[in-house]
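Engineer: Below is the sequence, then the predicted model.
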Amino acid sequence: MWTREIPFIDPVAAAEAFSSLPGLAFLDSAMRHETLGRVSIVAADPFGRFRYANGRATLDGRPLEGSGLEALRACLAPYRMAGDEGFGFPGGAIGYFAYDLGACLERVTPPARRAGLTDDIAFNLYDTILSIDHDSRTCRLVANGFPELTDSARADRARARLDRFAELLAGGGGARTRAEAAPLAWRSNFTRASYEAAVETVRDYIRAGDIYQANIAQRFEAALPTGYDPFALYHRLRETNPATFGAYLSFDALTIASSSPERFMKLQGRAVETRPIKGTVRRVEDPAEDRALGEALQANVKERAENIMIVDLLRNDLSRICEPHSVKVPVLCGLESYASVHHLVSVVTGTLRQRLDAIDLIAATFPGGSITGAPKLRAMDIITEIEGDARELYCGAIGAIGFDGSLDTSIAIRTVFMDEARAVLQAGGGVTLLSDPAAEYEETLTKAARVFAAFEPDRNEGEAS
């Protein structure tokens, strides 16, 4: 491993400096937090591009053997390196698992309609990354020299890459002025009436004993004007809705702008952590009223029951692959506050069994229980029946798999994905027997509101900070 300390740089400026290179990846701690929002990662110019779609895996367009996750594991295997928990991310694969990968992992019904904007799996392989520690205000360039495999060749490549990326950072690289926002005409696949009817349908399934809860989402889609600047959109998004698991990823024709508050799965060594969110209430400007809303959320019987059901689901998922008796719940229904909402968040931890890895962890737990329901497989079938459209990236996972075997991923909520012609945003909520259809509909709009705001023109700078 080769490193170079550089002067502290704002992460957005660093991402702009790398924007002249292909495959920009920006894992952004836009909302500061002592552990969850401490480090941002910026990378570009990947040496490999893994894709899995339509049952076919490729690396740089060349076919690979095996299913999606098996092929991804084989793709990463030549670059496996020893881990050092104190070092941080040493480079690796950055990308996403689309929600629809779940149909490849479990026996569930595939959706009737799919827009085709995303692959089932897409990861780029990065040998050089910039790590920004917001707490200590330090920056470190890291290069591992891959895909070269001999010591001398790796060292030569790593030093050359450090020089190149340091020059980009010093010179401002691809820095650009911010484009103006463009008003978009968003269309949903639900009306208010049809969404409220969908909630009642889920409640009927619960009464019939099929499920305990299911997450139902609206899909909003809008046409983009010619020449739309997706990075400028992300810049505004991290201001309107700063989150601990922000992300901006560029994949060929697809761009992702995410402001997720929810960790899906983290693996460091053999330590596993997941942080399911269930329970949401809007925030208000008055501090006393805002505090009262948060306290009421923590005391809400329906929201707590929903959260606890998902905690039980995740405990079951982790118990399949973790050491016996290692699965714990150190936080149950804790309150976390973000720009526009309060959330109930629990923390579930475990110790991964020997000889299992990050790919096994994804295979056993994907997609996340907090955005499917319980029991998971029946809830997924009901989601497909009611929503009709494939979720694609929404409620999948975004993040990184380190060459040291580490993993950190978020749930892809508060997330826009777009090509040159259209943008897609989804928002949903968990439905239980106690759900009020009108309130559930309003909750989806509350969750989407700050993302919509990022597309609005003439927004005053800093109003949502």
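Structural biologist: Thanks, I have the structure now.
Engineer: can you pull out the helices in the chain?
Structural biologist: 11-18, 68-76, 102-105, 151-171, 192-207, 230-240, 287-299, 301-319, 358-365, 376-387, 437-453 (DSSP state H).
Engineer: mind checking which of these is nearest residue 132?
Structural biologist: Closest to residue 132 of the helices of the chain is helix 11-18 (CB to CB; 5.2 Å). In short, each C-beta sits where N, CA and C put it, glycine included.
Engineer: which helices and strands sit right next to that closest one?
Structural biologist: The helices and strands touching helix 11-18, judged by 3 or more CB pairs under 8 Å, 6 or more residues apart in numbering; DSSP states H and E, are strand 25-28, strand 39-43, strand 128-133, helix 151-171, helix 230-240.
Engineer: what's the least confident stretch among these?
Structural biologist: Among these, helix 230-240 has the lowest mean pLDDT, at a mean of 93.
Engineer: helices or strands up against it?
Structural biologist: Helices and strands touching helix 230-240, by 3+ CB pairs under 8 Å, 6+ apart, are helix 11-18, strand 245-251, strand 254-260, strand 415-418, helix 437-453.
Engineer: among those, which is nearest residue 214?
Structural biologist: So among those, helix 437-453 is nearest, using CB to CB, at 11.2 Å.
Engineer: Contacts only, for residue 142.
Structural biologist: Listed by CB atoms under 8 Å, 6 or more residues apart in numbering, the contact set of residue 142 reads 1-3, 88-91, 128-131.
Engineer: residue ranges with poor pLDDT in the stretch 301-450 of the chain?
Structural biologist: Filtered on pLDDT under 70, the stretch 301-450 of the chain yields no residues whatsoever.
Engineer: mind listing what's buried in stretch 426-435?
Structural biologist: Using 16 or more other CB atoms under 10 Å as the test for burial, stretch 426-435 gives 426-432, 435.
Engineer: Neighbours of residue 152, how many?
Structural biologist: 9 (other CB atoms under 10 Å).
Engineer: How about the one 10 residues further on?
Structural biologist: Look at residue 162: counted by other CB under 10 Å, it has 18 neighbours.
Engineer: again, but for the one 5 residues further on
Structural biologist: The burial metric for residue 167, expressed as a neighbour count using other CB under 10 Å, is 11.
Engineer: that older thread, minimum distance to residue 390: which of the helices and strands packed on helix 11-18 has it?
Structural biologist: The nearest among these, by CB to CB, is helix 230-240 at 21.5 Å.
Engineer: any idea of the angle the closest one forms with helix 437-453?
Structural biologist: 120 degrees (axes from the mean of the first three to the mean of the last three CA atoms, to 10 degrees).
Engineer: Can you give me the distance of the residue lying farthest from the centre of the chain to residue 47?
Structural biologist: Going by CA atoms, centre = their mean, the residue of the chain most distant from its centre is residue 152, 36.4 Å out. To residue 47, residue 152 is 18 Å away according to CB to CB, to the nearest Å.
Engineer: returning to that earlier point: of the contacts of residue 142, keep whichever come out buried.
Structural biologist: 1-2, 88-91, 128-131.
Engineer: Out of these, flag the one nearest to residue 78.
Structural biologist: Nearest member of the buried ones among the contacts of residue 142 to residue 78, counting by CB to CB, is residue 91, at 13.4 Å.
Engineer: close enough to count as contact, that closest one and residue 124?
Structural biologist: No. Judged on CB atoms under 8 Å, residue 91 makes no contact with residue 124 at a distance of 11.1 Å.
Engineer: Which of the buried residues of stretch 426-435 fall in strands?
Structural biologist: Among the buried residues of stretch 426-435, the members found in strands (DSSP state E) are 426-431.
Engineer: Can you tell me which of these is nearest residue 51?
Structural biologist: After measuring those against residue 51 - CB to CB - the closest member comes out as residue 426, at 22.2 Å.
Engineer: Quick check: closest non-adjacent residue to the closest one.
Structural biologist: residue 394 (4.0 Å; CB to CB, 6 or more residues apart in numbering).
Engineer: Contacts only, for the one you found.
Structural biologist: Contact analysis of residue 394 by CB under 8 Å, 6+ apart lists 99, 217, 219, 412-413, 415, 417, 424, 426.
Engineer: Not counting its neighbours along the chain, what's nearest residue 155?
Structural biologist: Nearest non-adjacent residue to residue 155 (CB to CB, 6+ apart): residue 145, at 6.2 Å.
Engineer: give me the number of residues near that neighbour?
Structural biologist: Residues within reach of residue 145, counting by other CB under 10 Å, total 24.
Engineer: ok, it touching residue 162?
Structural biologist: No. In this structure, residue 145 is not within contact of residue 162 by CB under 8 Å, at 10.0 Å.
Engineer: Need the residues touching each of those two.
Structural biologist: Counting by CB under 8 Å, 6+ apart, the residues touching both residue 145 and residue 162 are residue 2.
Engineer: Please tell me how far the spatially closest residue to residue 313 that is not a sequence neighbour sits from residue 50.
Structural biologist: Nearest residue to residue 313 in three dimensions, chain neighbours excluded: residue 369, at 3.9 Å (CB to CB, 6+ apart). The gap separating residue 369 from residue 50 is 26 Å, by CB to CB.
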